[in-house]
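# coordinates for the following, if possible.
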Amino acid sequence: MNKVKVAAVVLVACLPLMSWAAESVSEPVAEVEHYSYGQALDVKEVISIKSLQPEALCGVVEKEMLYKDAQGQQHELVYKAVSNGIGCSNG
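A predicted model of the protein is given here:
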């Protein structure tokens, strides 16, 4: 077989794998929600939490939580929290 035929066979053999990989990529997030105090949340699984601002000093910062609800839908939530930075004390 020449190189072109081998490349074509390899490409065709990999198509199902490429399709599976495309489906396995994380689900798109609809829109960012901003948490308000007392808001009811349906959090089944937390995927990640990250700070949107530097937490070097003690104070209130915005954080972002990526999570899935009981139906498996992915959500992105922005909320405020006290940082654990320098100068914060636990008492």
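
# C-alpha from now on. contacts and neighbour counts both.
Will do.

# so for stretch 43-57, mean pLDDT?
Stretch 43-57 comes out with an average pLDDT of 87.

# how far does it stretch from one end to the other?
29 Å (Cα to Cα, to the nearest Å).

# next, the buried residues of it.
Val43, Ser51, Glu55 (16 or more other Cα atoms under 10 Å).

# swap in stretch 61-78?
Neighbour-count burial for stretch 61-78 flags 61-68, 74-78 (criterion: 16+ other Cα under 10 Å).

# pLDDT weak spots in the chain?
Residues of the chain that meet the criterion pLDDT under 70 lie in 1-30, 87, 89-91.

# for it, just list every one of the helices.
Secondary structure of the chain, counting by DSSP state H: helices at 3-24.

# please enumerate the strands of it.
Counting by DSSP state E, the chain has strands at residues 32-34, 45-51, 60-68, 74-82.

# including distance to Cys88, could those strands go into a markdown table?
As requested, the strands of the chain are exported to a markdown table (distance: least, Cα to Cα, whole Å):
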| stretch | distance to Cys88 |
| --- | --- |
| strand 32-34 | 25 |
| strand 45-51 | 16 |
| strand 60-68 | 11 |
| strand 74-82 | 9 |
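
# Ala56 and Lys44, how far apart?
Distance from Ala56 to Lys44, by Cα to Cα: 30 Å.

# an error on my part: the question was meant for Ser51.
Distance from Ser51 to Lys44, by Cα to Cα: 21 Å.

# repeat that for Lys50.
Distance from Lys50 to Lys44, by Cα to Cα: 18 Å.

# can you check His34 too?
Computed as Cα to Cα, the His34 to Lys44 distance reads 18 Å.

# now Cys88: closest residue in space, sequence neighbours ignored.
Cys58 (5.0 Å; Cα to Cα, 6 or more residues apart in numbering).

# if I pick Gln53, what's in contact with it?
Val61, Glu62, Lys63 (Cα atoms under 8 Å, 6 or more residues apart in numbering).

# circling back: would you list the buried residues of stretch 43-57 in TSV and tack on distance to Val82?
What follows is the buried residues of stretch 43-57, written out as TSV (distance: Cα to Cα, whole Å):
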residue	distance to Val82
Val43	21
Ser51	11
Glu55	9
